[in-house]
Structures are given as C-alpha cells and as structure tokens.
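# just coords:
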C-alpha cells in the first residue's frame, strides 16, 4: 500500500500539486484587487517554479551534493546543476520585489490609494 | 534522498496558506502569513536534499518580509 | 462568490491537462535526461579540478562563472533603478490629495516600539555574532555549505537590525543612499577585475588556472573562487541596504499637513 502510494506520487502526484500551486498564484494575481497582494502572489509563483526545477534533479539513493570520502560515482550524488541556477533565481527575485515596492510607493503618492477600481476611477481626472 | 509523503503534506500546507492570502481581508495578516509560507518552503527544500537553497531562502524570506512590513506604514490595512 | 469561482476555474483549467500527458520524467529516475549529459562530468571532476568538495559552489563560481557575473550586475541594476524611481515627488497639481475629512482612519499599529528593555544589551551581543558568522560562511563556501549570496544577505541583516530597532541613535556603520549604491557597483568591478587578471596571465577570461601568482594550480583555483565571492558578497549586501534606505525615507508622507 505504501509502495503504491509512493509510486503514484513519484509519477504524477507531486507534479500535480506543484502545478496547482503555480495556477493558484497566477489566479491570485488576476483576481485580487489590491496591488500589494499581487506582489505577494508573484512570490508564491516563484516558489512553485523553483520546486519544480529541484524535482527534476533527484536520484534514488543519492545524497546531498557535498563530496564524502568513500563515494565518487556520479549516481551517488544529487544533480548539483539545478541548485546553482535556483540560488541565483532566489536572490534576483528579492531585487524584483524591491523594484515593485518602489513603483507601488509612487502609485500611492500620485493616486492616493492602491485598490484597482479606485485608481481607474481617479485616472479619468488626468 | 527524498521522502515523498512528507513533501506532499508540505505542499498541501502551502496551498492552504495561498488560499488564505487570496481570500483574506486584512493586509497585515497576509504579510505575516507570507513569513510562515517562507518558513515552510525552507523545510520543503531541506527534505528535497538542497541545503544551500534552503539556507538562502531562509535569509531572503526574512528580508522580503521586512520590506513588506515597512510598506505597511503608509498603506491602509483593510482591503476588499 | 464570483471571485471564488474564477480562482477555481483558472486553477482547474491549468492543471488538469498535465495529469493526462506523459512527457515529464518520474521523480528519482537515475537515467532521466537532466541527469545524464554534463552533470555527471561536474560531479566526478569537482574535487580534482576545482579543489572544492561543495559541488554547488564549484558549479556556480568555477564552471559557470560567467552567469554569476551577470547576476551580480542585475543586482546592482536593481538597486540603481530603485533610486531612480524614488528620486523626486510629483508636484501638487499632478497629484490627487484626499481632503482630511474623507480620509480613511489611519491605523497606528505599525509603529516600532522604541522603549524595550533589552535593546542596549542584546543588540551589542547579537550584531558582532552575526558579522562573525557571515565572514565564516564566506570563507568556508567551498568546503561546506555557504557561499557569497548567503554571506552578503547576513551582513545586510546585521545592518537592518541596527537601523530598525534603534531609530534615533547613531548606528554602527552609516550608509546614505549614494554611498551604498556606489559600494554595490564595486561588486561586479571586483569580479571583472579577477577575470582581467586571468587574461593578463595568459589564459581565457575567468580561467583561474592561469592567474600569475607563484603557487600550485589547486591553490590558484581557491584564490580565484575567494576573490570572486568577495565581489558577489559586496554587491548583494549593498543592494539590500540601498533598497531599505530608499523605501524607509519615503514611507511617511507630508500629506498630513494639508
């Protein structure tokens, strides 16, 4: 019973949950009317993409990619290439969030609020 | 080295946190829940076998939450 | 009700097709396509060529050093763009100012608490420990877990702790906005300088084996990796401090006087 659950999760289940998280983040950006919540949902989408990349580099029976004395074959360690790419991606997402918050400050100063329908109503005055 | 059942449970918790962020009515609650979201993704990365990525996510999640909380000084807390 | 139906519809429409397609490899497969071609070479030759047991550091700073150079440039650009966006305020006639009677009730629960008991003792104990740990993580990035990104974020965290908890006392190191963005530009400069020194020694750009220092080849890789990671650390730390200072200055408005 546990092995069939494990086999189902390895084949399709984890990918289904990952895509569900990505789709929920995307629908949060579309549906929410507050601009700050859109920025938070953008970070949620980022986590789903990073997890998907880490899933692709797994190996059965491998250990973390720090070299140990006895093991030296390629099948003993997890693939280190996606880890390196994702390290860069996390740090760049911090810069993106910072730029997004700076733009949000300018919008608040010009229009007086950060809800979408109020901004559309007040834009007609310009 | 992965334990797939633990990963599935953690992903379900993440989906629950996302739903509470979308349908909530208070911005301060959403930002503090985002800090919890970052913490649980750090556990998820450790179980996947990526300790470098988990270390980076732990530090940068805290800094991102601090940016959001600082913005809340000038933005009203209620939202629809 | 409309919001919930929209969320449900988008979530289901985007995820259901993926359960019926068979293109993704099963998790944990040793012979899947990402695990075969060049990763096997990286795993087997990380210690002998790059002198670093941590394979992730060997990949991002030695085998793929060019990508990390451009990533550090992107971090510096993010800091510079935040300063450009928040440079000026719009004038009064281009702004919508809500009159005081119609403004929503402003919540004062976000203000920091100034008078805590342990701020003078715990901060002088915690801050040096964080800085020492950051230097340790930077120097041991190739033997155990760590590297340049984590060390830079930890140094910025020590600065944030100082500025946020004691706002009216002078902090340990004071960095106004234009100084910190200049420091962020020093990061990619150190990185490119290492690459140019490799060119002077007779090799290609960022080929650490041809640095013109009189030591063994294995130690040349260690020197190159350390110099490059110092550049990454300075770039990341200074960008985080720049964004923090830029947002913190502008976050309260003078609209309350109207």
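Here it is on my side, so go on. If you're wondering where the values come from, they're calculated on a predicted model, not measured in any experiment. Residues are numbered from 1 along each chain as shown, chains lettered A, B, ... in the order given.
# Now do the SS call for residue C:34.
Under DSSP: H, G, I helix; E, B strand; the rest coil, residue C:34 falls in the helix class.
# how much space between it and residue A:58?
Distance of residue C:34 to residue A:58, computed by C-beta to C-beta, to the nearest Å: 10 Å. All C-beta atoms are positioned from the backbone trio N, CA, C, and that covers glycine.
# On the three-state scheme, residue B:80 is what?
Residue B:80 ends up coil, using three-state DSSP.
# quick one: low-confidence ranges for the chain?
Unless you meant another one, I'm taking chain A. The model of chain A has pLDDT under 70 over residues A:9-10.
# Switch to chain C, please.
Regions of chain C meeting the criterion pLDDT under 70 cover residues C:98-121, C:166-172, C:252-258.
# Could you check the helix or strand hosting residue A:50 against chain C for contacts?
Here residue A:50, judged by DSSP states H and E, is contained in helix A:35-56. Yes: counting by C-beta under 8 Å from any C-beta of the partner chain, contacts between helix A:35-56 and chain C involve A:55, A:56.
# thinking again about what came up before, and for residue C:34 and residue A:58, which residues touch both?
residue A:79 (C-beta atoms under 8 Å, 6 or more residues apart in numbering or on different chains).
# Have a look at the two and say which one is more surrounded.
residue A:58 (26 against 16; other C-beta atoms under 10 Å in any protein chain shown).
# which residues does that one contact?
Residue A:58 sits in contact with A:78, A:79, B:2, B:48, B:49, C:27, C:28, where contact means C-beta under 8 Å, 6+ apart.
# do residue B:80 as well
Residue B:80 neighbours (C-beta under 8 Å, 6+ apart): A:33, A:34, A:115, B:25.
# Would you mind confirming that the first one makes contact with residue A:116?
Yes: using C-beta atoms under 8 Å, residue A:33 is in contact with residue A:116, at 4.5 Å.
# where does residue B:73 land in three-state SS?
When classified by three-state DSSP, residue B:73 comes out as coil.
# Tell me how far residue C:126 lies from chain B.
Taking C-beta to the nearest C-beta, to the nearest Å as the measure, residue C:126 falls 14 Å from chain B.
# Can you report how many residues lie near the residue nearest to residue C:207 when sequence neighbours are not counted?
By the measure of C-beta to C-beta, 6 or more residues apart in numbering or on different chains, the closest residue to residue C:207 outside its immediate chain neighbours is residue C:198, 5.2 Å from it. Residues contacting residue C:198 under the criterion other C-beta under 10 Å number 21.
# ok, now which ones touch residue C:198?
Here residue C:198 is in contact with C:204, C:205, C:206, C:207, C:208, C:210, C:211, C:224 (C-beta under 8 Å, 6+ apart).
# switch the cut-off to 7 Å
By C-beta atoms under 7 Å, 6 or more residues apart in numbering or on different chains, the residues touching residue C:198 are C:205, C:206, C:207, C:208, C:210, C:211.
# Over in chain A, which residue gets nearest chain C? Let me know.
Going by C-beta to the nearest C-beta, chain C is nearest to residue A:95 of chain A, at 3.2 Å.
# which residue sits closest to that residue, ignoring its sequence neighbours?
That would be residue C:78: by C-beta to C-beta, 6+ apart, it lies 3.2 Å from residue A:95.
# Spatially nearest residue to residue A:51, not counting backbone neighbours?
Using C-beta to C-beta, 6+ apart, the nearest residue to residue A:51 is residue A:18, at 5.8 Å.
# need the contact list for that neighbour.
A:48, A:51, A:52.
# So what angle separates the directions of the host helix or strand of it and helix A:35-56?
Using DSSP H and E, residue A:18 maps to helix A:14-31. Here helix A:14-31 runs at an angle of 160 degrees relative to helix A:35-56 (axes from the mean of the first three to the mean of the last three C-alpha atoms, to 10 degrees).
# Flag every buried residue along helix A:14-31.
Buried residues in helix A:14-31, counted by 16 or more other C-beta atoms under 10 Å in any protein chain shown: A:14-15, A:17-29, A:31.
# Check stretch A:112-126 too.
Going by 16+ other C-beta under 10 Å, stretch A:112-126 has these buried residues: A:112, A:113, A:114, A:115, A:119.
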